[in-house]
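Peer 1: sequence unknown, structure follows:
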C-alpha cells in the first residue's frame, strides 16, 4: 500500500515519480496487476493522443512503414515479372502499409469488369502492390453473371482506395470505361483490362514522373503478352509487335497525322489501344465528349479501340514511349478485353466499320459545322474507300450513303464537291 504517489508525466517507456517514500511502501503489498498501462503497437499505431495528469495532450505523428520496401531495381528480368505476377495471383500483399482513401489521388485506375472471376483478384493485387499508394481504383461492372462483382466487393472492403459500381444493364466496354472516367478524381487516367497484370511495383511512379517532368499528355510503355494465364516462359512474348519504338516523342500536328493513311502505310499506323498508357484525364474527357452517350451506345459497343485511339491522338498535345516494361496482356474470350484480338482481315473490317460509324456520328452531330464534316469525310476517304474493306457490302453501302450526303450538303464548297465527283462518281449515280 502506498500513501501518496504523485506523477507529473507518463511516458510509455518509463514512469517517473517525484515523491515516493520508501518507508511508507510495503513491497509485499504491491500487486503488479493493479497497474494498468496502454499498450501501443508500432505496427498499427491507431492512438492519436495520450492524455497526461496535467491535462496536456501530446500528438503522435508517424510515417513509419513496416517492413520498408527495398529500393526499386534498375533493371528487370522475365523472372522478376513472373515473381510479381505469382505474388498477385496468390493474392499476397507485398508490404504491410497503411491504406488511406485520398480525395485528390494522383492516378485513377479504371477497370471495366465483365465475367473475369478467374482473373480480377490477381489484377487488383498487382495494382494494390504498387509503390505509389496515392491512387484510386475504380471498378465498373458491366452486369457480370459470374462471381466477378462479389470478388470486387470483397476487395473494396479491405482497401478504401477501391470504388465499385455496376451498370443497370450491359452497356459494353467503351461506355463502361467512360463511367469509370467520369467518377475519376485523379489528374491521370490508367485503363487496365480486367484480366491483365501489372508486372513491376514501380510502374506508376516511373510513368507519372515522366509525364509531369516533361509535360506529356500520353505516356506509353512496353508490354508483353502471354498465350496462357500461367505466364510461363514458353507462353510469354516479351516483344509483341508495336509500331511505336522506345524513345519516340510526338507532338501536334505529328500526332494527328499518325492516322493519315495517305502519309503512312497501314502497318505504320499507331498501336490502337487505350490500355497500357497513362493519359491526362482532360484529354480522355474530350474523347467522351466527341462520342457522347448516343455514340457510345449506338455505334461503338465493340471494336472501340481504333476510334478512341484516333481521338486520343487528335486531342492530345504530346506523346512519349518509354523503355519500361509495365503489364502482361492476356486475351480471354469471356472478359471485357475480348475484343482485343489480332488484326486479321475481319478485325480490319471491324476497324473500318468503326470509322464509318464515327463519320456518320460526326455528320449527325455537326449540322452547321463545315470543318467537322470535312474531317468526317476525310476519315471516310482515308479509311474506307481506299481499303480492301470496300468488298464488305455493309460498310460500303453505309459509306456510299454518307458520300451522297456530303456531296449534296450545301455547306460543302464547290471545289470539294468537284473532287468528290471525280473520285467517287460511280457511287453518286
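Peer 2: In hand now; what should we look at? Just so it is clear, the model here is predicted, and its values are computed rather than measured. Numbering: from 1, shown residues only.

Peer 1: backbone phi and psi for residue 279, please?
Peer 2: phi -130, psi 130 (degrees, to the nearest 10).

Peer 1: Quick check: beta-bridge partners of it?
Peer 2: When assigned by DSSP bridges, residue 279 has beta-bridge partners residue 189, residue 218.

Peer 1: mind listing what it touches?
Peer 2: Residues in contact with residue 279, defined by CB atoms under 8 Å, 6 or more residues apart in numbering, are 188, 189, 190, 191, 217, 218, 312, 316. Just so you know, the C-beta spots here come from the backbone N, C-alpha and C atoms, and that holds for glycine as well.

Peer 1: Against which helices or strands is the longest strand along the chain packed?
Peer 2: Counting by DSSP state E, the longest strand found in the chain is strand 318-329. When contacts are defined as 3 or more CB pairs under 8 Å, 6 or more residues apart in numbering; DSSP states H and E, strand 318-329 packs onto helix 78-89, strand 197-198, helix 203-214, strand 218-226, strand 249-251.

Peer 1: Touching the shortest one from outside, list them.
Peer 2: Under the contact criterion CB under 8 Å, 6+ apart, strand 197-198 has outside partners 84-85, 88-89, 122-123, 126-127, 130, 192, 231, 326-328, 330.

Peer 1: now the last one
Peer 2: With contact meaning CB under 8 Å, 6+ apart, strand 249-251 is reached by 258, 317, 318, 319, 320.

Peer 1: What residues sit buried inside it?
Peer 2: residue 250 (16 or more other CB atoms under 10 Å).

Peer 1: avg pLDDT for it?
Peer 2: Averaged across strand 249-251, pLDDT comes to 92.

Peer 1: hmm, back to that, narrow the contacts of strand 197-198 to those that are buried.
Peer 2: Neighbour counting over the contacts of strand 197-198 (16+ other CB under 10 Å) leaves 84-85, 88-89, 122-123, 126-127, 130, 192, 231, 326-328, 330 as the buried ones.

Peer 1: returning to what we had before: min pLDDT across the contacts of strand 249-251, which one?
Peer 2: residue 258 (73).

Peer 1: on that earlier part again, the longest strand of the chain - which strands sit beside it in the sheet, and in what orientation?
Peer 2: strand 197-198 (antiparallel), strand 218-226 (parallel), strand 249-251 (antiparallel).

Peer 1: can you give me the angle it makes with helix 78-89?
Peer 2: Angle of strand 318-329 versus helix 78-89, following axes from the mean of the first three to the mean of the last three CA atoms, to 10 degrees, is 70 degrees.

Peer 1: Show me which residues of strand 318-329 are buried.
Peer 2: In terms of neighbour count (16+ other CB under 10 Å), strand 318-329 has its buried residues at 318, 319, 320, 321, 322, 324, 325, 326, 327, 328, 329.

Peer 1: Do a quick rundown of the strands in the chain.
Peer 2: With DSSP E as the criterion, the chain has strands at 49-51, 57-59, 107-113, 135-141, 162-166, 188-191, 197-198, 218-226, 236-237, 249-251, 277-280, 318-329.

Peer 1: As CSV, those with distance to residue 94 would be great.
Peer 2: Shown next, in CSV, are the strands of the chain (distance: least, CB to CB, whole Å):
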stretch, distance to residue 94
strand 49-51, 32
strand 57-59, 30
strand 107-113, 17
strand 135-141, 15
strand 162-166, 17
strand 188-191, 19
strand 197-198, 12
strand 218-226, 20
strand 236-237, 21
strand 249-251, 33
strand 277-280, 22
strand 318-329, 17
